[in-house]
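[1] I'd like to go over a predicted model; first the sequence, then the structure.
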Amino acid sequence: MKRINLLLVVFFLVGFVAEVFPQGNFSTSLHSTRQGKIHWYNKVENGGVGGFEVLTNVPITQLGCVECHDAVDANGNQYPANYTPGCVDCHATNSTWAVTQSDCLGCHGRERAIINMQLPDVHRSLGFTCMTCHKEEELHGDDGIAYNSMFEPGAIQADCSNSGCHAGFTHPNPGVDPHGGKLHCTSCHAQTNLACYSCHFESQVQTHLKRTYKQITGFVFLVNRTKDNKVHPATFQAITYEGKAGVAFGPSVAHTIVKTGARTCTDCHQNFGGQIPAITDFNADGVIKFATWNTADSTLSWHQGIVPFPANYQTSLKMDYLTYNGNVSDPVAPSKNWSVVKDVADLFQVLYCTPLTKQQMAKIGMDTTLVSVEPINNNIPSSFALEQNYPNPFNPSTTIRYSIPKSAYVELKVYDGLGNLVQALVNEYLSAGNYETKFNGANLSSGVYYYQINAGEFTATKKLVLMK
């Protein structure tokens with residue numbers, strides 16, 4: 001009888017622990033693998049495009065990023081030198097295994113910064129915490145899938161449209177949302193996003209100090225989220241290192257949701273009477289200069305409101321990338337000891353989202369004649385293709401046609417026989433379609449030239465002959 005009672009107690013305790021703290025497949029969870037940072041940074045990730053390691057040539061294992069953690073664990077103890085992610089990161093194992101909001105914010109710095117800035121959020125005002133929306137299934141990796149990023153479909157299950165939240169919600173007044181479900185709720189209801197502006201990567205590499213000029217808010221980049229192909233807010237991380245600059249963009253749900261005071265038509269549509277600084281900027285010369293360093297007083301100014309992420313972002317989206325002029329060992333503190341490196345990125349990284357198409361840009365009042373390419377018809381091709389230019393030989397101009405079956409960043413360039421770049425004909429993000437562009441060789445001498453296309457993973461090269 002005592003043995004039976006003992007077994008019942010054991011079964012009860014095992015069941016209780018499993019109920020309080022279901023382990024799931026923690027070893028495959030992003031909390032355990034820290035794969036998000038690796039995927040974002042490494043050279044060999046992201047379909048071969050690669051992250052900031054392309055610029056720095058410093059492996060992530062030398063940065064202290066993957067090993068990053070709060071100052072103390074959930075029990076309040078200092079972390080040991082050799083650290084392995086585990087339960088005690090979030091669970092106070094010396095008490096009830098409960099997870100507090102401060103346990104989450106110890107690692108999730110953007111959310112901590114938003115709260116510290118006292119930016120309002122309707123969910124927080126109702127008493128919501130991180131765990132209200134982010135359930136244990138995703139935190140513990142219950143599905144057993146080792147995701148590359150929290151933005152990968154399935155990694156984060158929380159969403160406005162979930163059952164028990166706003167599933168099936170439509171505005172009672174159709175005029176409030178005329179987009180037919182093409183916009184994610186947060187495009188209108190997220191008050192702002194946040195970015196840590198211009199990371200001084202020398203400080204990270206040499207002293208493992210996270211040094212940025214400042215945290216900025218008041219803006220929301222708009223992209224197409226790959227997960228559901230809806231217009232969605234995005235933010236960015238920019239770095240400078242040894243005279244080079246890189247920037248990475250990705251979808252982001254800043255926890256600054258408002259119920260009343262959401263964006264209306266004129267907050268996004270210049271052609272509906274709105275005055276949107278980023279669109280005004282683009283329509284002046286085809287360039288959005290998002291952020292500008294003011295040398296006179298060593299301050300930064302940036303566009304407020306929505307910022308469309310344009311189809312030709314690599315040439316039309318600029319910002320002043322900054323470097324810190326002090327010592328890499330200086331304490332991280334507000335400082336004016338910064339200066340501009342350049343305003344054009346050496347590396348653009350766009351993850352889990354795509355830019356706005358030319359059609360979307362036109363719908364909000366952007367002058368798309370400033371974007372050089374338009375489809376020649378409305379047919380969607382079944383495969384990538386680069387056609388032979390015509391006429392060939394030519395004098396002095398010729399036409400090059402190409403096809404892309406899905407949205408992609410397209411580069412079409414002409415080279416001479418020695419491999420020197422002659423002219424970049426296309427350098428922008430394009431939606432699926434059939435395209436053509438002209439090449440004029442009036443200022444070139446007769447000879448054999450080559451044109452090459454790079455679109456996603458597709459690359460092709462053909463020869464053209466200029467004969468005068």
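    Here it is on my side, so go on.

[2] name the SS class of Ser203, please.
    helix (DSSP: H, G, I helix; E, B strand; the rest coil).

[3] repeat for Thr186
    Using three-state DSSP, the structure places Thr186 in helix.

[4] thought it was touching Cys160?
    Yes: judged on C-beta atoms under 8 Å, Thr186 makes contact with Cys160 at a distance of 7.1 Å. Every residue, glycine included, has its C-beta placed from N, CA and C.

[5] ok, these two, which is more surrounded?
    When Thr186 is set against Cys160 and neighbours are counted by other C-beta atoms under 10 Å, the residue ahead is Thr186, at 25 against 15.

[6] now do the same contact list for that one.
    Taking C-beta atoms under 8 Å, 6 or more residues apart in numbering as the definition of contact, the neighbours of Thr186 are Cys160, His232, Pro233, Val253, Ile257.

[7] which two of those have the greatest separation?
    The largest distance within the contacts of Thr186, taken as C-beta to C-beta, falls between His232 and Ile257 and amounts to 13.4 Å.

[8] still on that earlier bit, between the contacts of Thr186, which is nearest Thr292?
    Among the contacts of Thr186, Pro233 lies closest to Thr292 (C-beta to C-beta), at 22.2 Å.

[9] quick one: that closest one is in a strand?
    Yes: counting by three-state DSSP, Pro233 is found in a strand.

[10] how far away is the residue nearest in space to the middle of the chain from Gly417?
    Nearest to the centroid of the C-alpha atoms of the chain, with distances taken as C-alpha atoms, centre = their mean, sits Gly250, at 1.4 Å. Taking C-beta to C-beta, to the nearest Å as the criterion, Gly250 is separated from Gly417 by 40 Å.

[11] does Tyr409 sit in a helix, a strand or a coil?
    strand.

[12] just the residues contacting stretch 446-453, thanks.
    The contact list for stretch 446-453 (C-beta under 8 Å, 6+ apart) reads 386, 389, 400, 402, 410-417, 422, 425, 439, 441, 459-468.

[13] ramachandran angles for Lys406?
    Torsion angles at Lys406 (phi, psi; degrees, to the nearest 10) stand at phi -150, psi 160.

[14] give me the neighbour count for the spatially closest residue to it that is not a sequence neighbour.
    Distances taken as C-beta to C-beta, 6 or more residues apart in numbering place Ala432 nearest to Lys406, at 5.2 Å, with adjacent residues excluded. Burial of Ala432, expressed as a neighbour count using other C-beta under 10 Å, amounts to 15.

[15] and what of Gln314?
    One way to gauge burial is a neighbour count; for Gln314, by other C-beta under 10 Å, it gives 17.

[16] cool, and Gln157?
    Gln157: 13 surrounding residues under other C-beta under 10 Å.

[17] show the contacting residues for it.
    By C-beta under 8 Å, 6+ apart, the residues touching Gln157 are His134, Lys135, Glu137, Glu138.

[18] does the last one count as helix, strand or coil?
    Put simply, Glu138 is helix when judged by three-state DSSP.

[19] touching, it and Ala158? I think so.
    Yes: look at Glu138 against Ala158 with C-beta under 8 Å: they come within range, at 7.4 Å.

[20] who's more crowded, the two?
    Counted by other C-beta under 10 Å, Glu138 and Ala158 do not tie: Glu138 has more neighbours, with 21 against 13.

[21] for the more buried one, give its distance to Leu105.
    From Glu138 over to Leu105 the distance is 18 Å, taken as C-beta to C-beta.

[22] one more: Thr212?
    Applying C-beta to C-beta, one obtains 18 Å for the distance of Thr212 from Leu105.

[23] now swap in Tyr449 and tell me
    With distances defined as C-beta to C-beta, the gap from Tyr449 to Leu105 amounts to 57 Å.

[24] please apply the same query to Gly36.
    According to C-beta to C-beta, Gly36 stands 17 Å off from Leu105.

[25] ok, now Gln360?
    Distance of Gln360 to Leu105, computed by C-beta to C-beta: 35 Å.

[26] also Val247?
    As defined by C-beta to C-beta, Val247 lies at a distance of 26 Å from Leu105.

[27] those two: which has the busier surroundings?
    In this view Val247 and Leu105 are compared by other C-beta under 10 Å, and Val247 has more residues nearby, 23 against 19.

[28] helix or strand for the residue nearest to the centre of the chain, which one?
    Remark: Gly250 resides in strand 244-251, with elements defined by DSSP states H and E.

[29] from the chain's centre, how far out does that strand sit?
    For strand 244-251, the distance between its averaged C-alpha position and the chain's averaged C-alpha position is 7 Å (C-alpha atoms, centre = their mean, to the nearest Å).

[30] packing partners for it?
    Packed against strand 244-251 by the contact rule (3 or more C-beta pairs under 8 Å, 6 or more residues apart in numbering; DSSP states H and E) you find helix 53-56, strand 212-225, strand 230-241, strand 338-342, strand 347-350, strand 353-354.

[31] direction included, what does that strand pair up with?
    Each strand that pairs with strand 244-251, with its direction, by DSSP bridges: strand 230-241 (antiparallel), strand 347-350 (parallel).

[32] what does it rub up against?
    Applying C-beta under 8 Å, 6+ apart, the external contacts of strand 244-251 come out as 40, 51-52, 54-55, 151, 221, 223, 225-227, 232-240, 309, 319, 321, 341-342, 344-353.

[33] now a ChimeraX select for only the buried ones of the residues you listed.
    This is how ChimeraX selects the buried members of these, with burial counted by 16 or more other C-beta atoms under 10 Å:
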select :40,51,52,54,55,151,221,223,225,226,227,232,233,234,235,236,237,238,239,240,309,319,321,341,342,345,346,347,348,349,350,351,352,353
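
[34] ok, which of the helices and strands packed on strand 244-251 comes nearest Tyr79?
    The stretch from the helices and strands packed on strand 244-251 with the least distance to Tyr79 (C-beta to C-beta) is strand 212-225; that distance is 23.6 Å.

[35] got the buried residues for the closest one?
    Under the neighbour-count criterion of 16+ other C-beta under 10 Å, strand 212-225 has Thr212, Tyr213, Ile216, Thr217, Phe219, Val220, Phe221, Leu222, Val223, Asn224, Arg225 buried.

[36] cool, and stretch 81-93?
    Residues Pro85, Val88, Asp89, Cys90, His91, Ala92 are the ones in stretch 81-93 that count as buried (16+ other C-beta under 10 Å).

[37] present those as CSV; the columns should include pLDDT and secondary structure.
    Listed next are those as CSV, based on pLDDT from 0 to 100; DSSP: H, G, I helix; E, B strand; the rest coil:
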residue, pLDDT, secondary structure
Pro85, 88, coil
Val88, 89, helix
Asp89, 89, helix
Cys90, 89, coil
His91, 89, coil
Ala92, 88, coil
